[in-house]
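Novice: I'd like to go over a predicted model; first the sequence, then the structure.
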Amino acid sequence: MQDKVCVVTGAAQGIGRETALEMARRGAKVVVSDVKDAEGQGTVDLVAGEGGSGVYVRCDVRSEDDIVALMAAAADHFGGIDVLHNNAGVQEADFGTESAVDTLPNEVWDAVYEINLRAVWLATKHAAPFLRRSTRGPAIVNASSTGGLTGYPGCPAYNATKGAVIQLTKATAIDLAPTIRCNCYCPAAVDTPMVQKYFAMAPDEDALRAALIGSHLVPRLGEPSDIASLVCFLASDEASFINGAAITIDGGSLAWRGSNG
């Protein structure tokens, strides 16, 4: 990924932060975006600590104007865009405790949809003109989830939007071929702040944790670094024949549970 310019949304913590760091380790220039300014700048500081080059650009992915400004700022700062990692995402637990399909507030559904799905489309739309001009193997990597292949309790909007990201990824690969590749990844339970909130909302956190880890053939939670390595591979020239794919990174969970749970 040497010298590639990579835009990472939701890069203040968790998978986004670790991906930005791994990109920097591999020689990329990283544009970190989020709405958590202190944490986002903290990611840039960590990138610098790895000897990398990075810049923070605030972006609320629910705002199309912010997304347009993010892509323009990335291109202005580094001279173009080669990789877009659509990582920003939320669960119902980020907005309250009522999360069942029959009790979920309309405004929570809208928020999850706008961040998890609409923003992926808008970021792709507004990054595409810059990606088309790239001569360094332009690629898009989207964050889906095993929740988009099967389902998690209390996550109707999350499950629905992550399933839609898989189909949007395929449509993007078709429409932007052969110039720009687009793939997505589907992790199981990864030790991130989002998953920690999900645990905190559970009636029995220990039981939920045991159930999630118990479904993994690799008996642990995933680590953000596991996902970052996959993202960097999919964004690299080594993955030049992978396009329109949804890659599971789930500790083997769906190998025996199946995609229908």
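Specialist: Nice, thanks for sending it over.

Novice: okay, CA-based contacts and neighbour counts for the rest of this
Specialist: Noted.

Novice: Mind naming the longest helix for this protein?
Specialist: helix 156-176 (DSSP state H).

Novice: Enumerate residues external to the helix or strand bottoming out on mean pLDDT in the chain that contact any of its residues.
Specialist: In the chain, the helix or strand scored least confidently by mean pLDDT, DSSP states H and E is helix 193-201, which has a mean of 72. Helix 193-201 is contacted by residues 13-14, 90-91, 93-94, 97, 189, 205, 208-209 when judged by Cα atoms under 8 Å, 6 or more residues apart in numbering.

Novice: tell me which element Val30 is part of?
Specialist: When elements are assigned from DSSP states H and E, Val30 belongs to strand 29-34.

Novice: in its sheet, what does that strand sit against?
Specialist: Under the criterion DSSP bridges, strand 29-34 sits next to strand 5-8 (parallel), strand 53-58 (parallel) in its sheet.

Novice: Please compute how far the first one lies from its chain's middle.
Specialist: Distance, stretch centre to chain centre, for strand 5-8: 12 Å (Cα atoms, centre = their mean, to the nearest Å).

Novice: got the angle between the helix or strand following that strand and strand 29-34?
Specialist: Downstream of strand 5-8, the next assigned helix or strand under DSSP H and E is helix 14-25. If you take axes from the mean of the first three to the mean of the last three Cα atoms, to 10 degrees, helix 14-25 sits at 160 degrees to strand 29-34.

Novice: Mind listing what's buried along helix 14-25?
Specialist: Buried residues in helix 14-25, counted by 16 or more other Cα atoms under 10 Å: 14-25.

Novice: ok, those residues vs Val83, which is closest?
Specialist: For these, the minimum distance to Val83 (Cα to Cα) is 10.3 Å, reached by Met23.

Novice: okay, the angle between the least confident helix or strand of the chain and helix 14-25?
Specialist: Computed by the same axes, to 10 degrees, the angle separating helix 193-201 from helix 14-25 equals 160 degrees.

Novice: Please export the C-alpha coordinates of helix 193-201 as PDB.
Specialist: The C-alpha trace of helix 193-201 is given here as PDB (Å, rounded to 0.1, in the frame of the first residue of the first chain):
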ATOM      1  CA  PRO A 193     -16.500  -0.300  21.900                       C
ATOM      2  CA  MET A 194     -19.600  -1.200  19.800                       C
ATOM      3  CA  VAL A 195     -19.600  -4.800  21.000                       C
ATOM      4  CA  GLN A 196     -18.900  -3.700  24.600                       C
ATOM      5  CA  LYS A 197     -22.100  -1.500  24.500                       C
ATOM      6  CA  TYR A 198     -24.000  -4.500  23.100                       C
ATOM      7  CA  PHE A 199     -22.700  -6.600  26.000                       C
ATOM      8  CA  ALA A 200     -23.600  -3.800  28.500                       C
ATOM      9  CA  MET A 201     -27.200  -3.800  27.300                       C
END
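
Novice: so how far is the very next helix or strand once past that helix off the chain centroid?
Specialist: Where DSSP H and E defines the elements, the next helix or strand beyond helix 193-201 is helix 205-215. Centroid displacement of helix 205-215 relative to its chain, using Cα atoms, centre = their mean, is 23 Å.

Novice: Pull the residues that contact the next helix or strand after helix 205-215.
Specialist: Of the helices and strands lying after helix 205-215 in sequence (DSSP H and E), the nearest is helix 224-235. Contact partners of helix 224-235, identified using Cα under 8 Å, 6+ apart, comprise 1, 14-16, 18-19, 22-23, 83, 85, 138-141, 183, 185, 187, 190-192, 239, 242, 249.
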